[in-house]
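Student: Here is my input, please return the structure:
(one chain, ligands or ions: 2)
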Amino acid sequence: MADVEHTIGLLLGTEDDWPRAFESLLRRLGTVTAADGRTHRTRPVRVTIEPFNLRDKPQHELVIDRLAYWYYHPREWLKKIALMDGVYLLNSPFTFQSMEKHAAYCAMMRLGLKVPETVLVPFKNPLDNSRWAYTAARYNEPFDLEATAASIGYPLYMKPYDGGAWVGVSKIRNVDELHAAYDASGERLMHLQASVEDYDVFARSLTIGPETMVMRFRPDQPMHTRYEVDHHFLSADAGDEVVTISRLVNAFFRWEFNSCESLVRGDDVHPIDYANACPDVALTSLHYYFPWAMTALLRWTVFCVVTGRRMRLDTDLAGYFAVADDPDRSYQEKLAGYRELADRYFEVDRYREFCDEHLSDVDEIVYDWVTSEEFRSLLRETVRATYPVHEHEKFLAHFGGLIDAWIRDQGR
Ligand SMILES: Nc1ncnc2c1ncn2[C@@H]1O[C@H](COP(=O)(O)OP(=O)(O)O)[C@@H](O)[C@H]1O
Ligand SMILES: [Mg+2]
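Tutor: Numbers count the residues shown, from 1 in each chain. Ligands and ions are numbered 1, 2, ... in the order given. As a prediction, the model looks like this:
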């Protein structure tokens, strides 16, 4: 029996791969002895959706949410447990709306980052609201779409202000494509954004707490080969900048589980998609990097519950703006300032110390798990659930090979 038990809630949609992985790893971890000498056990439970009284007390200390972006009932439950019960959430539900790319673009531009020129255009089609005709007739300024696009320059991207998964994203090369895409946008609110052409690298980073993995991404490839296994595709400076921007945006909005996309051209890092608070962590997307993601999720959530880290619902934007507005700082010095603020928010030093002292066997636990039959059956079942029958064998070999490469690279 552990002295203290912590319950982590998993609020899930259709995924079963990483939740099973996470549950296995927590089981294998067993108890952790903390600095006070007490033993702690962390128990995962899957959250169910049901009516809740606003004064109910939840059993969870921390909840990993993967659903609230789409389902409003659990979203409101998250707000309740964060406000009333002090439950730790990895992403603040109060800045959730900023998962709209739009707010993240605004924040990053305000902080001086190299976000491409972006314009928000009004809806193409009127909203289904009886008062709209009156408002539109009175206040909607007619605008010249072609002139707006020309001010950004071609090619450009038209994409939803709150999008995800490439839905409604199109590359626009000329006036005809511009009108076709705008006409098709209907009631979706769209950004026009300058295209970053001829970039050298598409860097996609996944951040969990203070851990960031920057991966080389190939958007033109099918999902299972989008993440390339490559360890040296960015200069040290560009790599560091991508990490800093990822942590900065997260600390700024109080997100701790987010993925970010940057296009790197020469020495310039251009962020284009920095608000994916339900990031893809599928085994069949991350493959080689999946053990890393599970390790980071395990370490960070255990750190939070065992040390009693409190979630911060308030933000401290003024500190970031002060760095942004400091006329004596160069771009590099501003980045360093942001990094310091973000690292402080994530308690990087205390976290590292905790991992060294209390979670030093996690690498071995993860290694034993990845090399176990339990992991192979997870892989098999995930492939079966993801692909049509005639592709099972091919994908099992493909992912099996990538996992074998991870095992080899551990050098054990
Ligand atoms: N400004 C841009 N320059 C170049 N490519 C872009 C730009 N914006 C989007 N893209 C391309 O379109 C894809 C989808 O756009 P993104 O903003 O990431 O939307 P989503 O949230 O749907 O992933 C990107 O992965 C990238 O390949
Ligand atoms: Mg994207």
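Student: Return the set of residues that bridge with Leu263.
Tutor: Phe202, His270 (DSSP bridges).
Student: quick one: least confident helix or strand in this structure?
Tutor: helix 132-139 (a mean of 84; mean pLDDT, DSSP states H and E).
Student: what residues does the helix or strand in which Val45 is found touch?
Tutor: According to DSSP states H and E, Val45 maps onto strand 39-46. By Cβ atoms under 8 Å, 6 or more residues apart in numbering, the residues outside strand 39-46 that reach it are 2-10, 12, 19, 22-23, 26, 29-34, 59-60, 301-302, 305-306. All C-beta spots, glycine's among them, are computed from the backbone N, C-alpha and C.
Student: How far off centre is that strand?
Tutor: Distance, stretch centre to chain centre, for strand 39-46: 24 Å (Cα atoms, centre = their mean, to the nearest Å).
Student: Using CSV, write out every CA atom in it.
Tutor: Coordinates of each C-alpha in strand 39-46 appear next as CSV, following Å, rounded to 0.1, in the frame of the first residue of the first chain:
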residue,chain,number,x,y,z
THR,A,39,5.4,6.6,-1.1
HIS,A,40,3.1,7.8,-3.9
ARG,A,41,1.1,5.7,-6.3
THR,A,42,-0.5,7.3,-9.4
ARG,A,43,-3.6,5.7,-10.7
PRO,A,44,-5.2,6.5,-14.1
VAL,A,45,-9.0,6.4,-14.6
ARG,A,46,-11.0,7.1,-17.7
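Student: contact partners of the helix or strand just after it?
Tutor: As assigned by DSSP H and E, the chain's next helix or strand after strand 39-46 is strand 62-65. Here strand 62-65 makes contact (Cβ under 8 Å, 6+ apart) with 6, 8-11, 22, 47, 74, 78, 81, 87-91, 93, 257, 278, 297, 301, 304-305.
Student: Counting by contacts, list what the next helix or strand after strand 62-65 packs against.
Tutor: Using DSSP H and E, the helix or strand that follows strand 62-65 in sequence is helix 72-85. In this structure, helix 72-85 makes packing contacts with strand 62-65, strand 88-89, judged by 3 or more Cβ pairs under 8 Å, 6 or more residues apart in numbering; DSSP states H and E.
Student: got the contact list for helix 72-85?
Tutor: With Cβ under 8 Å, 6+ apart as the test, helix 72-85 has contacts from 11, 47, 49, 52, 54-55, 57-58, 60, 63, 65, 67-69, 87, 89, 92-94, 96, 311, 313.
Student: One more: stretch 101-119?
Tutor: Counting by Cβ under 8 Å, 6+ apart, 95, 97-98, 120, 148, 151-152, 159-163, 191-196, 245, 248-249, 252-253, 268-275, 320-321, 323-324, 331, 334, 338 sit against stretch 101-119.
Student: Just the CA trace of the least confident helix or strand of the chain, in CSV.
Tutor: Extracted in CSV, the C-alpha atoms of helix 132-139 (Å, rounded to 0.1, in the frame of the first residue of the first chain):
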residue,chain,number,x,y,z
TRP,A,132,-27.7,39.7,-39.4
ALA,A,133,-29.2,41.2,-42.5
TYR,A,134,-29.8,44.5,-40.6
THR,A,135,-26.3,44.5,-39.1
ALA,A,136,-24.6,43.6,-42.3
ALA,A,137,-26.5,46.2,-44.3
ARG,A,138,-25.7,48.9,-41.8
TYR,A,139,-22.1,48.0,-40.8
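Student: want to throw the helices and strands packed on helix 72-85 into CSV with distance to ligand 2 and mean neighbour count?
Tutor: Shown next, in CSV, are the helices and strands packed on helix 72-85 (distance: least, Cβ to the ion, whole Å; neighbours: other Cβ atoms under 10 Å):
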stretch, distance to ligand 2, mean neighbour count
strand 62-65, 20, 24
strand 88-89, 23, 24
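Student: circling back to that earlier point, show me the contacts of strand 39-46 that map onto strands.
Tutor: 4-10, 31-33 (DSSP state E).
Student: And those, which of them are buried?
Tutor: 4, 6-10, 32 (16 or more other Cβ atoms under 10 Å).
Student: Tell me the spacing between the residue nearest to Thr148 when sequence neighbours are not counted and Arg344.
Tutor: Distances taken as Cβ to Cβ, 6 or more residues apart in numbering place Val119 nearest to Thr148, at 5.7 Å, with adjacent residues excluded. With distances taken as Cβ to Cβ, to the nearest Å, Val119 is found 35 Å from Arg344.
Student: which residue does the stretch 151-300 of the chain bring closest to ligand 2?
Tutor: Per Cβ to the ion, the residue of the stretch 151-300 of the chain with the smallest distance to ligand 2 is Asp273, at 3.6 Å.
Student: Could you pull up phi and psi at that residue?
Tutor: phi -150, psi 100 (degrees, to the nearest 10).
Student: can you check Val196 too?
Tutor: Dihedral angles (degrees, to the nearest 10) for Val196: phi -90, psi 100.
Student: residue contacts, it?
Tutor: 116, 263, 265, 270, 272.
Student: check contacts around the closest residue to it other than its chain neighbours.
Tutor: Spatial nearest neighbour of Val196, excluding adjacent residues (Cβ to Cβ, 6+ apart): Leu263 at 4.2 Å. Leu263 sits next to 196, 199, 201-203, 269-270, 272 when contact means Cβ under 8 Å, 6+ apart.
Student: Torsion angles phi and psi at Tyr387?
Tutor: The phi/psi pair for Tyr387 (degrees, to the nearest 10) reads phi -120, psi 160.
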